[in-house]
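>>> Using only what follows, build the 3D model:
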Amino acid sequence: MIRIIYLLLLFLSITSCAIQQQSISKIQDWSYPQVQFDTKLNFSFIDHVLEKTNNNRGERWAQRNNIHVLGVKLINTSDKPIHGTQISFILNGEKAEILQNKWLAQKVRKRNSPFLVLFLPAFIIESAIYDAIFNNEDEYGINDHTNDMAFQSMSGKVANGYRNERKKANLSLTQEFMDFQIASKILWPGETIYGLIGIRSNNESINLNAEVSESDFFIIK
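Just a heads-up that it's a prediction; the model follows:
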């Protein structure tokens, strides 16, 4: 019976963890439709990155808040290096509000699954079974509660495993958002980089371009 309860807990854990966000780094493997060619920068983008990486809860949050999370591809077509801070994005003729990647990662991170409430009845049943076993041992004067630790680990191990996996996935997601932050990158002449940006727009489809501003600082390789 204990083994059945354990298998039930394991099944519930697998069910609650079944939908995991895929790595954001996949944006480097996608095909991007070109939307801009000029003598400084070639630019293309793909919308709804969260949906395409199976982070559906994050995509729903973004849609409710009129936020588009975009994968962008930039190619430096000039003969000078370009720092990410020199790049701005023009949305419908106006400078777009770019959201901080770290803030975005915090908002779209994986939350505790509602399926965890299903652990409660399984825990109660498991507890009752162990109480009955221990009471029988006490009645016959055995008093050997070496299985106490097993009971604690069985009921908590699956839930703790889910929480650890969730934390690990969230840390990985945050790191990827930071790795793809345009402002921290340098585009050398002829180089292609990929980035992740979040912008606000009430429109379902967006018209976006990239712009490079002049700078008085020098970039040394």
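
>>> List the contacts of the closest residue to Val108 other than its chain neighbours.
The shortest distance from Val108 to any non-neighbouring residue, by Cβ to Cβ, 6 or more residues apart in numbering, is to Gly58 (3.0 Å). (Glycine included, C-beta is placed from N, CA and C.) Going by Cβ atoms under 8 Å, 6 or more residues apart in numbering, Gly58 touches Gln21, Leu50, Val69, Lys107, Val108, Arg109.

>>> Is Gly58 within a helix or a strand, and which one?
According to DSSP states H and E, Gly58 maps onto helix 56-64.

>>> and if you look at Arg163?
Counting by DSSP H and E, Arg163 is part of helix 148-179.

>>> Tell me which helix or strand comes right after that helix.
Heading C-terminal from helix 148-179 (DSSP H and E), you reach strand 186-187.

>>> got the buried residues for the following helix or strand past that next one?
Tracing the chain C-terminally past strand 186-187 and defining elements by DSSP H and E, one meets strand 192-200 next. By neighbour count on 16 or more other Cβ atoms under 10 Å, the buried set for strand 192-200 is Ile193, Tyr194, Gly195, Leu196, Ile197, Gly198, Ile199.

>>> Asp47 contacts His68, correct?
Yes - counting by Cβ atoms under 8 Å, Asp47 does reach His68; the two are 5.5 Å apart.

>>> Comparing those two, which residue is more hemmed in?
Neighbour count, other Cβ atoms under 10 Å: between Asp47 and His68, His68 has more, with 24 against 17.

>>> and the strand or helix carrying the more buried one, which strands flank it?
Assigned by DSSP H and E, His68 belongs to strand 67-76. Within its sheet, and counting by DSSP bridges, strand 67-76 is paired with strand 41-46 (antiparallel), strand 192-200 (antiparallel).

>>> nearest to Arg163, of those?
strand 192-200 (26.3 Å; Cβ to Cβ).

>>> Just the CA atoms of that closest one, as CSV, please.
This file holds the C-alpha atoms of strand 192-200, laid out as CSV (Å, rounded to 0.1, in the frame of the first residue of the first chain):
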residue,chain,number,x,y,z
THR,A,192,25.4,38.8,-36.0
ILE,A,193,23.9,38.7,-32.5
TYR,A,194,20.6,37.6,-31.1
GLY,A,195,18.8,39.3,-28.3
LEU,A,196,15.6,39.3,-26.3
ILE,A,197,13.6,42.5,-25.7
GLY,A,198,10.2,43.4,-24.2
ILE,A,199,8.1,46.3,-25.4
ARG,A,200,4.7,47.6,-24.6
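
>>> relative to strand 67-76, how tilted is the helix or strand just after it?
On the C-terminal side of strand 192-200, the closest following helix or strand by DSSP H and E is strand 208-212. Per axes from the mean of the first three to the mean of the last three Cα atoms, to 10 degrees, the angle that strand 208-212 makes with strand 67-76 is 50 degrees.
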